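J.: Sharing a model prediction with you, sequence too.
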Amino acid sequence: MRFPTRWLAVLAATLVPLGAALAQAYPNKPVKVIVPFAPGSATDQIARAFSAKVADALGQTLVVDNKPGVNGMLGADAVAKAPADGYTILVGTNSTNAALKSLMKKLPYDQDTAFAPVAYLGQVPLIVAVNNDLPARTLRELVDMAKAKPGGVTFASASTSQLVSTEMLASMAGVQMTNVPYKSGPAAMTDLIGGQVNLFTADFAVMLPQVQGGKVRGLAVTSSKRSPAVPNLPTVNEALGLKDYELIAYFAVFAPAGTPADVVKRLNEAFNAAASSKDIQEKFAPIGFVVEPGTPDALAQRTRAETAKWAKAIRDAKIEPQ
């Protein structure tokens, strides 16, 4: 009996440190937050503010890493192929987790299965704006200009929402405009102010300061109702007499597929707490950002619905997959 007892003691001594290591609470090292768009973009601003709050809740640093390119595809791909351990997460958008599937002929990952939904952060409308030197003072006048000279009005885009919102507007208004693609929203804004492009439709975080500062002329908002942040701007529907135009940009957190459920739960709780915090809400209310904390399952359902919605919008706008 002494022999097996002795070996049991040795085995127990061996397993104690192993068990202690396995029992270390998540997270026990910094978490990388991939932002698939450029610094200064709405996604970047929201990701950094949320990451600071979540870092406090988790007791670990969240390191924001910008990986812009191909309407967010490069950053999303990096997360899709990262270890499913909760230490690499994506602040995704309607671009990365809904529309890309319809915009690209082929993705380097399966958009429907590559990610584990974590937390919905919120949504924000866009503002349609033009260069100050453009004669058009209203969206109706801009559409008239485009009708008079098909393809003569140029518009910038650096993300799916920016591209689809303008193509959808053009399609519903019966006009043709020329797209000028950019790598980032801030770069597109610089050229709008400078007059290199005529039109740019972008989220409030990028556009509103420039409209309020008089650098560009706001014409309309893309939501179905006017925004309290800019109540003087009509909706696209109001400005053009349409009834079905609406396009909202949204933001959510995703992890690689296969991330443990307890890790997803911990992240969900931390991001929901951040979304519910007074300082986050006060910080982003001026740009029309509406928070909507919820469960991972609710985000999964929303993602499926948004994927179908954006597929229809892209088809209706006659945008060909690249």
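T.: It's in.
J.: which residues in the stretch 1-150 of the chain form strands?
T.: Under the criterion DSSP state E, counting those that start in this stretch, strands of the stretch 1-150 of the chain are mapped to 31-35, 62-66, 88-93, 115-131.
J.: Next, G174: phi, psi?
T.: Phi and psi for G174, reported as degrees, to the nearest 10, are phi 80, psi 40.
J.: so who does it touch?
T.: For G174, the contact set (Cβ atoms under 8 Å, 6 or more residues apart in numbering) comprises K147. Glycine gets a C-beta too; all of them are placed from N, C-alpha and C.
J.: The same query, at a cut-off of 10 Å, please.
T.: The contact partners of G174, by Cβ atoms under 10 Å, 6 or more residues apart in numbering, come to V143, A146, K147.
J.: Retrieve the pLDDT associated with it.
T.: G174 carries a pLDDT value of 92.
J.: In this structure, where is pLDDT below threshold?
T.: 1-24 (pLDDT under 70).
J.: quick one, domains of it?
T.: 31-124+250-316, 125-240 (automatic domain parsing).
J.: want to try a markdown table for these, with distance to Q322 as columns?
T.: Output for these, formatted as a markdown table (distance: least, Cβ to Cβ, whole Å):
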| stretch | distance to Q322 |
| --- | --- |
| domain 31-124+250-316 | 6 |
| domain 125-240 | 10 |
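J.: the helices in the stretch 101-250 of the chain, which residues?
T.: For the stretch 101-250 of the chain, helices defined by DSSP state H, counting those that start in this stretch occupy the ranges 139-148, 160-173, 185-194, 204-212, 236-240.
J.: ok, residues contacting the last one?
T.: Pointing back at helix 236-240 there. Taking Cβ under 10 Å, 6+ apart as the rule, helix 236-240 contacts 125-126, 128, 138-143, 165, 168-169, 172-173, 201, 219-226, 233-234, 242-247.
J.: Quick one, which of those are buried?
T.: Buried by 16 or more other Cβ atoms under 10 Å: 125-126, 128, 139-140, 142-143, 165, 168-169, 172-173, 201, 219-224, 226, 233-234, 245-247, out of the contacts of helix 236-240.
J.: re the thing from before, and the contacts of G174, which is closest to M189?
T.: A146 (20.9 Å; Cβ to Cβ).
J.: Give me the neighbour count for the closest residue to the closest one other than its chain neighbours.
T.: What sits nearest to A146 in space, not counting adjacent residues and going by Cβ to Cβ, 6 or more residues apart in numbering, is V175, at 3.8 Å. By the other Cβ atoms under 10 Å criterion, the neighbourhood of V175 contains 20 residues.
J.: Equivalent analysis for A308, please.
T.: Using other Cβ under 10 Å: A308 sits among 12 other residues.
J.: what sits against it?
T.: Here A308 is in contact with A98, S102 (Cβ under 10 Å, 6+ apart).
J.: can you check P260 too?
T.: P260 neighbours (Cβ under 10 Å, 6+ apart): Y26, A84, D85, G86, A116, R266.
J.: What distance do you get for the closest residue to D44 other than its chain neighbours to K105?
T.: In space, and not counting its chain neighbours, D44 is closest to V35: 5.1 Å by Cβ to Cβ, 6+ apart. V35 sits 25 Å away from K105, going by Cβ to Cβ, to the nearest Å.
J.: among the strands of the stretch 1-150 of the chain, which is the most enclosed?
T.: Among the strands of the stretch 1-150 of the chain, strand 88-93 has the highest mean neighbour count (mean count of other Cβ atoms under 10 Å), at a mean of 28.
J.: helices and strands around that strand, which ones?
T.: With contacts taken as 3 or more Cβ pairs under 10 Å, 6 or more residues apart in numbering; DSSP states H and E, strand 88-93 sits against strand 31-35, helix 42-58, strand 62-66, helix 73-80, strand 115-131, strand 248-256, helix 261-276, helix 296-316.
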